[in-house]
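# quick one, what's the 3D model for this:
(4 chains)
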Number of protein chains: 2
Amino acid sequence: MSLKRNNETHANKVYNFLKKKKKPLSAYEILKELASEGISAPTTIYRALNKLVSNGLIHKIESLNAWTVCCGNHENKVPIFEICKTCGNVTEHLDINIANSIKSLSEKTGFLADNPIFEIHGQCNNCI
Amino acid sequence: MSLKRNNETHANKVYNFLKKKKKPLSAYEILKELASEGISAPTTIYRALNKLVSNGLIHKIESLNAWTVCCGNHENKVPIFEICKTCGNVTEHLDINIANSIKSLSEKTGFLADNPIFEIHGQCNNCI
DNA sequence: AAATGCAATGTTATAACATAACAAAAATCC
DNA sequence: GGATTTTTGTTATGTTATAACATTGCATTT
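Presented below is the predicted three-dimensional model:
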């Protein structure tokens, strides 16, 4: 009887869970739901989330204290999240204009950007 | 002997304190320093901060859990914060290009924006 | 095979951030 | 002055995140 660990890392479990849910979730929400998968401490969740963020697979939505799966390959674009105050829907957009605006601001100020956070709270067009 | 309360509201005290410090501070940092001014509970700090944010006098920097004084009149611009990972310096910029990019994204998606959060982590040109 | 190194994970505690709910005091309005 | 509104206080608790130490699992080296 093998005592070998199931091959799926906790980070993978978290990633697959977030992929299935399709919306941003807080660390504790994830923890609550993945307790049944052998993850019992917030530490483990945060480690997994930090790893997934470092690998570019998920984003943290700062103003929601939540994490969500990255929508795709950014290339030269910057992700920007629209967060509806009414229904809670969060949509990630990739916008080249904003990427260019950042670049020109960076050239003006000499700031070497590596981690942008763009979130807009408002109302989506279903709720207006 | 008047028992009348000092006329300065706690919100004003917090605002003047943040103005003097010229850098973002967390609620608890503010609390610690203004304890001597008769502010003894986090509740009071958060109320003051929320009021100052509502009045447009300060901004919350989401990724730092910190608040800082607004740099001026925005008019049609959007504030964007450059946050240096090395020295911790935080600079607010007002950028018309980004405001315009937001507006055109909004027109494309139908999203009614009312509260943008723009923060960029990186290195300032003194630390590169 | 045993030892080593590193990544992943566990455990426990605590730090840091924020809000809820009730009450009281102070200021303002009529 | 009384009513109303705003500000503040108190207490408790909820939410988010990290620190610090330890163990386990796996791959590589000896």
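# distance of residue A:38 from residue B:113?
Counting by C-beta to C-beta, to the nearest Å, the gap from residue A:38 to residue B:113 is 41 Å. Where you see a C-beta, it was placed from the backbone N, CA and C, and this is true even at glycine.
# quick one, which of the two is more surrounded?
Neighbours were counted for residue A:38 and for residue B:113 using other C-beta atoms under 10 Å in any protein chain shown; residue B:113 has more, 17 against 11.
# who's the closest residue to that one other than its chain neighbours bridged to?
Nearest residue to residue B:113, sequence neighbours excluded (C-beta to C-beta, 6 or more residues apart in numbering or on different chains): residue A:122, at 4.1 Å. The partner list for residue A:122 in beta bridges (DSSP bridges) reads residue A:84, residue B:113.
# for residue A:122, the count of nearby residues, please.
With other C-beta under 10 Å as criterion, residue A:122 counts 18.
# before we move on, what about residue A:106?
Residues near residue A:106, counting by other C-beta under 10 Å, number 16.
# list the buried residues in stretch A:78-87.
Using 16 or more other C-beta atoms under 10 Å in any protein chain shown as the test for burial, stretch A:78-87 gives A:78, A:79, A:80, A:81, A:82, A:83, A:84.
# can you pull the pLDDT of the first one?
What the model reports for residue A:78 is a pLDDT of 84.
# what sits against the most centrally placed residue in chain A?
Nearest to the mean C-alpha position of chain A, by C-alpha atoms, centre = their mean, lies residue A:59 at 2.2 Å. Counting by C-beta atoms under 8 Å, 6 or more residues apart in numbering or on different chains, residue A:59 touches A:53, A:67, A:68, A:70, A:79, A:81, A:92.
# hmm, who's touching stretch A:62-78?
For stretch A:62-78, contacts defined as C-beta under 8 Å, 6+ apart pick out A:15, A:18-19, A:22-27, A:29-30, A:49, A:52-53, A:56-61, A:79, A:83, A:90, A:92, A:94-96, A:98-99, A:102, A:116-119, A:121, B:62-63, B:117, B:119.
# how is chain A carved up into domains?
A:10-69, A:78-122 (automatic domain parsing).
# DNA strand C contacts on chain A?
Applying C-beta under 7 Å from any atom of the strand, one finds that chain A approaches DNA strand C through A:9-11, A:38-44, A:47-48, A:51.
# in CSV: those, plus secondary structure and pLDDT.
Shown next, in CSV, are the residues of chain A next to DNA strand C (DSSP: H, G, I helix; E, B strand; the rest coil; pLDDT from 0 to 100):
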residue, secondary structure, pLDDT
A:9, coil, 88
A:10, helix, 91
A:11, helix, 93
A:38, coil, 85
A:39, coil, 88
A:40, coil, 85
A:41, coil, 91
A:42, helix, 94
A:43, helix, 94
A:44, helix, 93
A:47, helix, 94
A:48, helix, 95
A:51, helix, 93
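# where do the helices of chain A begin and end?
Assigned by DSSP state H, the helices in chain A fall at A:10-21, A:27-34, A:42-54, A:96-109.
# export those to CSV and tack on distance to chain B?
Formatted as CSV, these follow (distance: least, C-beta to the nearest C-beta, whole Å):
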stretch, distance to chain B
helix A:10-21, 20
helix A:27-34, 15
helix A:42-54, 12
helix A:96-109, 4
